[in-house]
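Q: predicted structure and sequence below. I'll ask about it afterward.
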Amino acid sequence: MSQAIRIHQTGGPSVMKLEPVEVTAPGPGQVRVRHEAIGVNYIDTYHRSGLYPVSLPSGIGLEAAGHVDAVGDGVTQFALGDRVAYGNGPIGAYAEYNTVASGRLANIPDAVSMEEAAAIMLKGMTARYLLKETFPVKAGDTVLYHAAAGGVGLLMCQWARDLGVTLIGTASTAEKCQLALSMGAAHMINSSQEDVVARVRELTGGEGVPVVYDGVGRDTFAISLDCLRPRGLLASFGNASGAVTGVELGILTQKGSVYVTRPSLAHYVASDDALATNTADVFDAVARGALSIRINQRYALADAVQAHEDLEARKTTGASILAP
Ligand code: NDP
């Protein structure tokens, strides 16, 4: 038997319980991973709360790193003891073990620790697809990212700088603004004290930005539209403040024939090849020194409730991980 966080109903953090579970043998093409570190992501709170439906009972968590513990029939690319990580499920990473299709796993380069891999797989691939695929930025562009001191945010600050992009970030405290500036944001706006739209207009000579990356959702949707230049793109990729609902399409005309997309990492790494390309690019950025990983919160697996409470209370910066 092993330990896993499970939910039998959706709701607040306390619905997550540490339970004994069977350690199952991997099926054909699968690899069982014994976790060393587990990534905490905002999407985990949506699965837990029911915003993103899962079939119950369910595990929680999509990202972890560890050692190969058993391989199923037909698995040739991984061997017992290999250092591996995954960042796009399967759900159930908040556990001592998870069983993963071999095509969804990556080898961890020697230069990257287990903790770093668990902290960067999902968030790094997200930063990558937002900057390189959803709106492929070019050197000299200016972009807006909300919650720039967060897990994805600190990676966006660094990757944007690496690509020659001016990133304007928002964050809710002076300390968070300072942190994001130290990690590569060109300008930070304290969203608790400043008028974000006015500051973005000022910083862009009145023009607005060609793209806003918005993982905050409900509270920032209207602000984000107002920060776009005509025919700009709002990439609304998350709901930290709640889901965006009830949008009248006419608003997109009024704001300057702007575009909105609601992207998900899952669709950008749907094939094993796309996943491998994304993963390799993230690890390459780490190896080049373009990305460093800030793990600013560490919890025991048994304290997953606390990890979610802190994340949802905006108490965290950078990445959070659980130790099984
Ligand atoms: P963060 O570490 O960024 O945490 C969320 C941050 O959002 C908070 O720290 C806070 O920063 C800000 N925030 C603003 N309003 C609220 C609110 N009402 N409640 C809570 N937080 C609020 O999380 P992640 O880096 O894990 O994820 C960032 C976003 O990206 C999430 O929405 C997540 O779901 C999304 N995401 C989407 C993916 C996709 O493919 N679509 C993939 C990965 C992540 P501050 O206090 O500075 O405002």
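A: Arrived safely, thanks for sending.

Q: if I look at residue 243, how far off is the ligand?
A: Counting by Cβ to the nearest ligand atom, to the nearest Å, the gap from residue 243 to the ligand is 10 Å. Just so you know, the C-beta spots here come from the backbone N, C-alpha and C atoms, and that holds for glycine as well.

Q: now swap in residue 184 and tell me
A: In this structure, residue 184 lies at 15 Å from the ligand, with Cβ to the nearest ligand atom as the measure.

Q: wait, that residue touches residue 161, no?
A: Yes: contact criterion Cβ atoms under 8 Å: residue 184 and residue 161 qualify, at 3.6 Å.

Q: what is in contact with those two at once?
A: Listed contacts common to residue 184 and residue 161 are residue 167; contacts here mean Cβ atoms under 8 Å, 6 or more residues apart in numbering.

Q: these two: which is more packed in?
A: Set side by side, residue 184 and residue 161 show unequal neighbour counts under other Cβ atoms under 10 Å, the larger going to residue 184 at 22 against 16.

Q: so for that one, what's the pLDDT?
A: At residue 184 the predicted local confidence, pLDDT, stands at 98.

Q: name the SS class of it, please.
A: With DSSP: H, G, I helix; E, B strand; the rest coil as the basis, the three-state label of residue 184 is coil.

Q: please begin residue numbering at 856 from this point
A: Got it, first residue is 856 now, which makes that one residue 1039.

Q: mind listing what it touches?
A: For residue 1039, the set of contacting residues under the criterion of Cβ under 8 Å, 6+ apart consists of 1012, 1013, 1015, 1016, 1017, 1022.

Q: highest neighbour count among those residues?
A: That'd be residue 1022 among the contacts of residue 1039, by other Cβ under 10 Å, with 29 neighbours.

Q: ok, now which ones touch that residue?
A: With contacts defined as Cβ under 8 Å, 6+ apart, the neighbours of residue 1022 are 997-1000, 1003, 1011-1012, 1015-1016, 1039-1042.

Q: ok, now how distant is the residue positioned nearest the centre of the chain from the ligand?
A: For the chain, the residue sitting closest to the mean C-alpha position, by Cα atoms, centre = their mean, is residue 978 at 3.3 Å. Remark: distance between residue 978 and the ligand (Cβ to the nearest ligand atom) = 6 Å.

Q: same deal with residue 1006?
A: As it turns out, when the distance is counted by Cβ to the nearest ligand atom, residue 1006 lies 3 Å from the ligand.

Q: what's the domain layout of this structure?
A: Each structural domain of the chain that the record assigns through automatic domain parsing is listed here as a residue range: 857-976+1148-1178, 994-1117.

Q: so is the longest one next to the ligand?
A: This means domain 857-976+1148-1178. Yes: Domain 857-976+1148-1178 is in contact with the ligand by Cβ under 6 Å from any ligand atom, via 896, 897, 898, 1166, 1167, 1169, 1171.

Q: the fourth one should be in a strand, yeah?
A: No: using three-state DSSP, the secondary structure at residue 1166 is helix, not a strand.

Q: I'd say it and residue 897 touch.
A: Yes: counting by Cβ under 8 Å, residue 1166 does reach residue 897; the two are 6.5 Å apart.

Q: can you show me the strands along the stretch 906-1055 of the chain?
A: Counting by DSSP state E, counting those that start in this stretch, the segments of the stretch 906-1055 of the chain that form strands are 913-914, 919-926, 938-941, 952-956, 961-962, 997-1000, 1021-1026, 1042-1045.

Q: strand partners (parallel or antiparallel) of the longest one?
A: Based on DSSP bridges, the pairing partners of strand 919-926 within the sheet are strand 885-895 (antiparallel), strand 938-941 (antiparallel).
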